[in-house]
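Colleague: Sequence below, structure please.
(2 chains)
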Amino acid sequence: MRMLDRKLLRDTWRLRGQMLSIAAIVAAGILSVITLQGTLRSLELAREDYYREYRFADVFATLDRAPEGVARRLEAVPGVAAVETRITSLVVLQVPGLDLPATGRIVSVPETGQPGLNRLHVREGRWIAPDAHDEVLLSEQFAKANGLSAGDTLRAVVNGRLRTLHIAGIAISPEFVYEVDPASGFLSDERLFGVLWLGREALEAAEDMAGAFNDVAVRLAPGASERRVLAGIDGVLDAYGGLGSHGRRDQISARLLDDEIAQNRATAAVIPFVFLGIAAFLLNIVLLRLTSLERDQIGTLKAFGYSDADIGLHYLRLAGTAVALGTVLGIGAGMWLGSAYTDLYARYFRFPVLEYRPGWVPAATAIAVSAAAALAGAWSAVRRAARLQPAEAMRAEAPAEFRPLIVERWGLHHLLSPAQRMVLRNVERRPARAFVSALGVAFSIAILLIGMVLLDSVYGMVDVQFRTIQREDASTSFTRPADPRAVRELLRVPGIVEAEAYRMVPVRLTSGHRTRLVAVTGLEHGSRLRPMTDGEGRTYPLPAGGIVLSRRLALNLGVAPGDVLRIELMDRGGAVRHATVAALVDEMIGVNAYMEAAELGRLLGELPQVSGAWLRIRRGEEASVYAALRERPAVAGTVSKSAMVRAFEDQMAESLAITMTILVTLAGILAVGVIYNGARIALSERGRELASLRVLGFTRAEVAAMLLGEQGIITLLGLPIGAFLGAVMSAVIIRAYDTEMYRMPLVLRPTTFLTAAALIVVVAAVAGLLVRRRLDRADLIAVLKTRE
Amino acid sequence: MRAHPYWRGTLAPPTLLNGNSGGVCVSDDLNDVDPILPGLTDEECVFRTRDVHKIYVTGEVQVHALRSIDLDVPAGQLMVMLGASGSGKSTLLNILGGLDVPTGGTVLFRGVDLSTADERARTRYRRERVGFVFQFYNLIPSLTARENVALVTEIATSPMEPAEALRRTGLPDRMDHFPSQLSGGEQQRVAIARAIAKRPDVLLCDEPTGALDYETGKLVLDAVARVNEELGTTVIIITHNVAIGAMADRVIRLSSGHIVEAWDNERRAATSELSW
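Modeller: Reported below is the predicted structural model:
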């Protein structure tokens, strides 16, 4: 072993605390690359394979009813490669042991085997038998949540008739990667929504749809224009009550999966650089200090004939050792966490196979980026060591120069004791170092805050949406539009204290070239259960005339109050009406349009009808109300809002624990690294000075305060910067989450900021105490004899 | 010069080891009992060591830094300890200054045993009783001359004004300069001001002129001598420079952990008379 190698080994060992803390920060950066990018890559690969192998459709359309022969006309639309017609309907499910109302989406499949598009992956059991009209395949998430498996039975109200269905197998479909009730959006209780695949003949018989279909999936030919195909399909289906076709972008499962990947890609690109940047900074201060301490050694080595390159490389390798250690640790931990993270995704997104398949790209990126960080961090120190002239190197460095503080120049010096001046002048003497250190502390707070603010905001979103906007306990929908008297009927069910009718009409809203498919909700005059809300959470009554849009919808359509919208009534063969935008409403979930029921009736040219009702239920009587509603054939389904919110909050609480553990660890590594290294450097620079003070009779605590005061100031400086960074980064992320599916209010609670700050202060104090132990062990006698 | 009975090295007659005959540090009469430390109430004697040993163990090697040191230091005296490197003079100074404890024997400061004092008690002792002057000054670079002194006066019970301390060491017009703006001699005089500002009982100087040139060294010694004369502070200077011994009341010389020679000067030389 060359002697310089031996020196390298011993220096690494001597500086092991600092090297380890830097390696841990590098590891955290690498870990986040491997975990986030690896998981995203795995998700993308799984999505790609699944969609391709199971022939996921490109275009979807729902209609009232069309004879099977129309399929030929759809196939003839230019750009269409394949057409799969189907029957779908919503049913009420009765699951043994579940007292809440569950909703099922029934989708027809050929009795003879896999459909041409949207093929199923059978996890358990078998395909339905050709002649068994009561056999179904059940979606996996719902089956698992309710403890159902192949061979079990469940009951469903299909087209008003209660039927017992036998579960032949458990399956998943590319259409339902995220298995979610379209009615309640992404927030749903997995026990309460499931998909059932029933034989086409059986469903034709049950729904009186012999020789007809009400849903179609289409595969595009390579290179076909989706926009033209959509127009062609709508042209064919308009005559059959087509509700408007849409691409994958508006398919709820595909959309949620795409959004998830896109949102995480942004995080995956930013987080690693924060860690690696701070690691580079810490390497820089450690190596600068080391080369300054080893000036005479560098001079001696050069005097003996070692080249500048030998010396430079020596220090570069020291940086490389810390970074290489961090990289290895980071890749190992990242593979493990990535695998766990992917498993977590597999609980929410159902794929035939979702394996952690990071590939070599994240690891290669990680290695390249960390090597760059090592180089960047070591560069100035290495260059300085390489350039040092031997004769100059063997002379002691000139003593540090200080000058009075800014506050002293202002004439406020009498406010500070000499010890306080010492601390402040040390901070002020190297403002850049102090600032970057404070930035490191700030980032650790910001990382914590992002997680905590995001959680507060999710809770805020749920609170605004489900306590301020949606004030009902449950919503019930009828199998078909009914007379308003049906709602008054509901009040006779014991336990229902309030019932408010609503009407839902599928429409296409158009302004200029912008167009959106939505449902207009007709509300009772002076609706109590669905008040309009503005951005500050204030409520106001629904205007009597015109149409009210959620702000996001107005933004997408490019309209403002006073503008006139073109409204196509999708279930009236595309009949065209017009309405003025009366107001905008701030909602958290989905995009919605509202009109007063009477106004909507006039628009439709019919007497008021109702699609369902929002209910308030007396506390404690929910179960009996749901049981009673389940028995009513006119009721298509009931959604319990409280059960949905509870399930969501439970799920959030679980991910809260996991997320906070990871974030606290990452933030802790960052804060410890910054404070520990800062204090070690300060101790190395000022150890002699502080030990002299111990000799002069200062106690350990007093001397420690002089050393750690500097780190205390840096931590204090970092707190407001971190709060600011955390708030801004949270705002940016929350903006990125602002989609048509949902949006979150930015909830900044003082207690959240105080908690994050307190956590980081505790972590910083622990790091400081580690260094204080070294100070306590300082050799007081050596101080008297040596000069630095 | 004559040998003096105040020191009792291993060369001393056995009869002197337990008695006080011939010493100016009178009365360690066993009947005159100090409530804290029985048998030792001697107000005149600042330090009294008996049979002090110090053994450093590094790995398998034992180094006897001090061997059976008996020493009395009367109050108000200026003592110079001479010795080559490794003679044990610094070890002895460190033990007297409460920086280190002996392996064996007793060290009494005004009757209080330092050899058994814990770290906390020794810190308090250094804080309240001892002034240190180091070879390399050890000033705080981020504090001005005045602030370096004030740093110590803040934790002292009845200190003098920092300005007064600096005046006494001849630096009235350099008070607001930082160490990097002062010469070595000036820095050392700030260090002396810092050491005396708290009015310590003893001033311990470890090679105070070791890093200074001849002229500057004499200025610094002058400041030390004035402190001794004007404030009555007991001063111990360690040096390898024999010439400095002339300014002392008493000189002892150490070698291999023993006190091998000691004498009193009949007249203390003024620092201007010193030459080396």
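Colleague: Could you look up the SS state of residue 63?
Modeller: Unless you meant another one, I'm taking chain A. strand (DSSP: H, G, I helix; E, B strand; the rest coil).
Colleague: Please refer instead to chain B.
Modeller: At B:V63, secondary structure determined by three-state DSSP is strand.
Colleague: Please apply the same query to B:P159.
Modeller: Following three-state DSSP, the label given to B:P159 is coil.
Colleague: interface residues of chain B facing chain A?
Modeller: Within chain B, the residues that sit near chain A (Cβ under 8 Å from any Cβ of the partner chain) are B:90, B:94, B:97, B:99-100, B:120, B:123-128, B:130, B:132, B:134-136, B:138-143, B:147-148, B:150-152, B:154-155, B:178-180, B:194-195, B:206, B:211. Every residue, glycine included, has its C-beta placed from N, CA and C.
Colleague: which helix of the chain spans the most residues?
Modeller: Going with chain A. Identified as the longest helix of chain A according to DSSP state H is helix A:641-695.
Colleague: that answer is for a different chain, and I need it for chain B
Modeller: Taking DSSP H as the criterion, chain B has its longest helix at helix B:214-231.
Colleague: For the stretch 201-350 of chain A, which residue gets nearest to chain B?
Modeller: The minimum distance from the stretch 201-350 of chain A to chain B, using Cβ to the nearest Cβ, falls at A:S292 (14.4 Å).
Colleague: Show the contacting residues for the residue in the stretch 451-600 of chain A that chain B sits nearest to.
Modeller: Using Cβ to the nearest Cβ, A:M452 is the residue of the stretch 451-600 of chain A that sits closest to chain B, at 38.1 Å. Going by Cβ atoms under 8 Å, 6 or more residues apart in numbering or on different chains, A:M452 touches A:M660, A:L663, A:T752, A:T755, A:A756.
Colleague: Can you classify it by secondary structure?
Modeller: Following three-state DSSP, A:M452 is assigned to helix.
Colleague: can you pull the buried residues of the helix or strand hosting A:A381?
Modeller: Here A:A381, judged by DSSP states H and E, is contained in helix A:361-387. For helix A:361-387, the neighbour count (16 or more other Cβ atoms under 10 Å in any protein chain shown) marks A:362-363, A:366-367, A:369-370, A:373-379, A:381-382, A:384-386 as buried.
Colleague: do stretch A:695-711 as well
Modeller: Across stretch A:695-711, burial judged by 16+ other Cβ under 10 Å covers A:695-699, A:702-711.
Colleague: with those residues in mind, which one is nearest to A:T510?
Modeller: A:Q711 (61.7 Å; Cβ to Cβ).
Colleague: and that closest one, helix, strand or coil?
Modeller: Classification of A:Q711 using three-state DSSP returns helix.
Colleague: what sits against it?
Modeller: Each residue near A:Q711 by Cβ under 8 Å, 6+ apart is listed here: A:I675, A:G678, A:A679, A:A682, A:A764, A:A767, A:G768.
Colleague: Could you report the distance from it to B:D118?
Modeller: For A:Q711, the distance to B:D118 equals 29 Å [Cβ to Cβ, to the nearest Å].
Colleague: now do A:T39
Modeller: A:T39 is 57 Å from B:D118, by Cβ to Cβ.
Colleague: Of all the residues in chain B, which one is nearest chain A?
Modeller: As assessed by Cβ to the nearest Cβ, chain A sits closest to B:R127 within chain B, at 2.8 Å.
Colleague: thinking that residue is in contact with A:R694, fair?
Modeller: No: taking contacts as Cβ atoms under 8 Å, B:R127 lies outside contact range of A:R694: 10.1 Å.
Colleague: Now the helix or strand harbouring the residue of chain B closest to chain A: average pLDDT?
Modeller: Using DSSP H and E, B:R127 maps to helix B:119-129. Mean pLDDT, helix B:119-129: 87.
Colleague: Packing partners of that helix?
Modeller: Packing contacts for helix B:119-129, counted by 3 or more Cβ pairs under 8 Å, 6 or more residues apart in numbering or on different chains; DSSP states H and E, involve no helix or strand.
Colleague: What are the contacting residues of it?
Modeller: For helix B:119-129, the external contacting residues (Cβ under 8 Å, 6+ apart) are A:694-700, B:97-99, B:101, B:109, B:114, B:117, B:132, B:155-157, B:198, B:200-202.
Colleague: Stretch A:330-343 now?
Modeller: The contact list for stretch A:330-343, computed with Cβ under 8 Å, 6+ apart, reads A:26-35, A:38-39, A:42-43, A:354-356, A:358, A:362-363, A:366, A:370, A:662.
Colleague: Just the buried ones from the residues you listed?
Modeller: By neighbour count, with 16+ other Cβ under 10 Å, the contacts of stretch A:330-343 hold A:26-35, A:38-39, A:42-43, A:354, A:356, A:358, A:362-363, A:366, A:370, A:662 as buried.
Colleague: To what extent is residue 227 buried, counted in neighbours?
Modeller: Using chain A. When neighbours are defined as other Cβ atoms under 10 Å in any protein chain shown, A:R227 has 10 of them.
Colleague: looking at chain B here, not the other one
Modeller: 25.
Colleague: what about it, distance to A:G440?
Modeller: Per Cβ to Cβ, B:V227 is found 48 Å from A:G440.
Colleague: Restricted to helices, list the contacts of helix B:119-129.
Modeller: Counting by DSSP H, the part of the contacts of helix B:119-129 found in helices is A:R694, A:V695, A:R700.
Colleague: now the helices for chain B?
Modeller: All helices of chain B, identified by DSSP H, fall at B:89-96, B:119-129, B:145-153, B:162-168, B:184-196, B:214-231.
Colleague: Centre of the chain to the helix holding A:A381, how far?
Modeller: The chain centre lies 31 Å from the centre of helix A:361-387; the measure is Cα atoms, centre = their mean, to the nearest Å.
Colleague: If you average the pLDDT over it, what comes out?
Modeller: 83.
Colleague: before we move on, what about stretch B:57-73?
Modeller: Mean pLDDT, stretch B:57-73: 89.
Colleague: Just the buried positions in that stretch, please.
Modeller: Quick answer for stretch B:57-73 (16+ other Cβ under 10 Å): B:A65, B:L66, B:R67, B:S68, B:I69, B:D70, B:L71, B:D72, B:V73.
Colleague: for that stretch, the distance to its chain's centre please.
Modeller: Mean C-alpha position of stretch B:57-73 versus that of the full chain (Cα atoms, centre = their mean) differs by 18 Å.
Colleague: On the three-state scheme, A:R471 is what?
Modeller: Assigned by three-state DSSP, the conformation of A:R471 is coil.
Colleague: for it, what are its contacts?
Modeller: Counting by Cβ under 8 Å, 6+ apart, A:R471 touches A:R528, A:L529, A:R530, A:P531, A:W614, A:R616.
Colleague: quick one, phi/psi of A:S624?
Modeller: phi -70, psi -30 (degrees, to the nearest 10).
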